[in-house]
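J.: below are the sequence and a predicted model for it; my questions follow.
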Amino acid sequence: MQGASTFFVGVWIKLFFLFAPFFALSVFLSMTGSWTEARRRWLALQVVCAVGVICLALFFFGRSVFALFGITLDAFRTGAGGLLFLAAAGMVSGKPTWETGSGEDIAVVPLALPMIVGPATIGALLVLGAEISDVQQRVLGCLALLLAVACVGILLLLGSFIERGLGRRGITILSKVTGVIVAAIAAQMILSGVQHFFAAGVAGGTP
């Protein structure tokens, strides 16, 4: 039971920071600065639903994607870690890699994709889904994923309140701290991918 709870909490925390919630909140508030509170809440719910559907699809069909393109898990782990590191650098510098635009239909693009579920997060979700084969862990991983998405949704729903309490400067600081944590996760993914790759090569070359 202890192992299951540790796994659940670990996946939840990892995914929560991969979503870069405070950076997402900062952009969300910037894009809806002139909106009413009711419109902001409705948009937040739309974003959460879109993120949930996208993440569940990536989590459960990760293995099929690897099999379809003939990609090894270690190669994808290394590549996703590199993208994740670039995303973390963007969070620390405060420079998003997309245009915010001014239209109203922004729930899926760019808020859900690529702001919250960007290329790096997509890679991390594919790797996570492919790594887990145990049924119990897949269920726990799915629940942890949904909880992480829900936490991001709560932040967006409370965006106006958080903005009044912390101010834009406070949210920016939290976004930069998140970027540092995501950079550490990216480094770990890259190191794990390289380590497993060379370990497999050594084992394969052993008579």
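T.: Noted; the coordinates are in hand.
J.: what residues does the helix or strand encompassing residue 17 touch?
T.: Per DSSP states H and E, residue 17 falls inside helix 2-18. Residues outside helix 2-18 that contact it (Cβ atoms under 8 Å, 6 or more residues apart in numbering): 84, 120-121, 124-125, 128, 136-137, 140-141, 143-145, 147-148, 151-152, 178, 181-182, 185. Yep, even glycine has a C-beta here, placed from its N, CA and C like the rest.
J.: show the buried residues in those.
T.: Among these, those buried by neighbour count (16 or more other Cβ atoms under 10 Å) are 84, 120-121, 124-125, 128, 137, 140-141, 144-145, 147-148, 151-152, 178, 181-182, 185.
J.: in helices only, show me the residues you listed.
T.: Using DSSP state H, the subset of these located in helices is 84, 120-121, 124-125, 128, 137, 140-141, 144-145, 147-148, 151-152, 178, 181-182, 185.
J.: what sits against the residue lying closest to residue 44 once chain neighbours are set aside?
T.: Leaving out its chain neighbours, the residue that sits closest to residue 44 by Cβ to Cβ, 6 or more residues apart in numbering is residue 156, at 3.7 Å. Neighbouring residues of residue 156 by Cβ under 8 Å, 6+ apart: 24-25, 28, 43-44, 47-48.
J.: format these as JSON lines; extra columns: neighbour count, pLDDT and secondary structure.
T.: Listed next are those as JSON lines, based on neighbours: other Cβ atoms under 10 Å; pLDDT from 0 to 100; DSSP: H, G, I helix; E, B strand; the rest coil:
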{"residue": "24", "neighbour count": "25", "pLDDT": "84", "secondary structure": "helix"}
{"residue": "25", "neighbour count": "22", "pLDDT": "87", "secondary structure": "helix"}
{"residue": "28", "neighbour count": "26", "pLDDT": "86", "secondary structure": "helix"}
{"residue": "43", "neighbour count": "22", "pLDDT": "93", "secondary structure": "helix"}
{"residue": "44", "neighbour count": "23", "pLDDT": "94", "secondary structure": "helix"}
{"residue": "47", "neighbour count": "24", "pLDDT": "94", "secondary structure": "helix"}
{"residue": "48", "neighbour count": "22", "pLDDT": "95", "secondary structure": "helix"}
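J.: out of these, who's nearest residue 105?
T.: Within the contacts of residue 156, the smallest distance to residue 105 is 9.9 Å, found for residue 43 (Cβ to Cβ).
J.: residue ranges with poor pLDDT in this protein?
T.: 1-2, 84, 94-104, 114, 119-120, 200-207 (pLDDT under 70).
J.: can I get the CA coordinates of stretch 30-50 in PDB?
T.: Extracted in PDB, the C-alpha atoms of stretch 30-50 (Å, rounded to 0.1, in the frame of the first residue of the first chain):
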ATOM      1  CA  SER A  30      -3.100  38.000 -19.700                       C
ATOM      2  CA  MET A  31      -5.400  36.600 -22.500                       C
ATOM      3  CA  THR A  32      -8.600  37.200 -20.500                       C
ATOM      4  CA  GLY A  33      -7.700  40.500 -19.000                       C
ATOM      5  CA  SER A  34     -10.900  42.200 -20.200                       C
ATOM      6  CA  TRP A  35     -13.200  39.300 -19.700                       C
ATOM      7  CA  THR A  36     -15.900  39.000 -17.000                       C
ATOM      8  CA  GLU A  37     -15.500  36.600 -14.100                       C
ATOM      9  CA  ALA A  38     -18.200  34.300 -15.500                       C
ATOM     10  CA  ARG A  39     -16.500  34.100 -18.900                       C
ATOM     11  CA  ARG A  40     -13.200  33.300 -17.300                       C
ATOM     12  CA  ARG A  41     -14.700  30.500 -15.300                       C
ATOM     13  CA  TRP A  42     -16.400  29.000 -18.300                       C
ATOM     14  CA  LEU A  43     -13.200  29.200 -20.300                       C
ATOM     15  CA  ALA A  44     -11.300  27.500 -17.400                       C
ATOM     16  CA  LEU A  45     -13.800  24.600 -17.500                       C
ATOM     17  CA  GLN A  46     -13.400  24.200 -21.200                       C
ATOM     18  CA  VAL A  47      -9.600  24.200 -20.900                       C
ATOM     19  CA  VAL A  48      -9.700  21.500 -18.200                       C
ATOM     20  CA  CYS A  49     -11.900  19.300 -20.200                       C
ATOM     21  CA  ALA A  50      -9.700  19.600 -23.300                       C
END
